[in-house]
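A.B. asks: Here you go, sequence then predicted model.
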Amino acid sequence: MKKTLAIAGVLALTITPTVSFADHLEPKESEIRPGGNLAHTNLFRASLSGADLSDANLSFINLRSADLSGANLSGAKLNGANLAISDLMGVDLSGADLSGAILKRADLDSANLSGAELSGADLRDITASNISGCPISLPSGWVCENNSLIQP
């Protein structure tokens, strides 16, 4: 019985992707592009102002305190991403999936949020005025009105 369990354990470890064990991976320069795959990457405090990461897979990426002002993140997968304290001023997030993302204290002023998915996102203490368009979904208690995201 012990032998069977040991074999099952070894097999489970050999077929489990190593990414699931990674806290956050170091970025590959070639993946910082439209449609790139930067899932689980650590870009803490990165300067990506004006970058084009449209349609990129940025799931569970660490972009805490990053400068993404004016970046194109349209259609990007940012589910579970950490964007806390990031500069997202003027960023294009149209059609982006930010479900479950951490946006605490992020600056979203003048961002394009048309069709963005923000369900389950942490929006505590964000700045989001003069935005273009409204997300298709917001966390409970949040509304999009007068070109702003607010928690009445």
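C.D. replies: Thanks, I have the structure now. Numbering: from 1, shown residues only.

A.B. asks: Check the separation of the first and last residues in stretch 131-140.
C.D. replies: Stretch 131-140 stretches 19 Å from its first residue to its last (CA to CA, to the nearest Å).

A.B. asks: oh, I was asking about stretch 112-124
C.D. replies: 19 Å.

A.B. asks: who touches it?
C.D. replies: Stretch 112-124 is contacted by residues 74, 84, 91-105, 128, 131-139, 142, 144, 149, 151 when judged by CB atoms under 8 Å, 6 or more residues apart in numbering. Glycine gets a C-beta too; all of them are placed from N, C-alpha and C.

A.B. asks: What subset of those is buried?
C.D. replies: Neighbour counting with 16 or more other CB atoms under 10 Å marks 74, 84, 91-105, 128, 131, 133-135, 138-139, 142, 144, 149 as buried within the contacts of stretch 112-124.

A.B. asks: What is the burial count for residue 58?
C.D. replies: Number of residues near residue 58 (other CB atoms under 10 Å) recorded here: 28.

A.B. asks: Hmm, residue 77 and it touching each other?
C.D. replies: Yes: look at residue 58 against residue 77 with CB atoms under 8 Å: they come within range, at 6.1 Å.

A.B. asks: Which ones among the contacts of stretch 112-124 lie within strands?
C.D. replies: 144, 149 (DSSP state E).

A.B. asks: Overlap of the contact sets of residue 58 and residue 77?
C.D. replies: Taking CB under 8 Å, 6+ apart as the criterion, residue 58 and residue 77 both touch residue 39.

A.B. asks: Report the helix or strand with the lowest average pLDDT across the protein.
C.D. replies: Across the helices and strands of the chain, mean confidence by mean pLDDT, DSSP states H and E is lowest for helix 2-15: a mean of 50.

A.B. asks: pretty sure residue 86 is touching residue 69, no?
C.D. replies: No: using CB under 8 Å as the test, residue 86 is too far from residue 69 to be in contact (9.2 Å).
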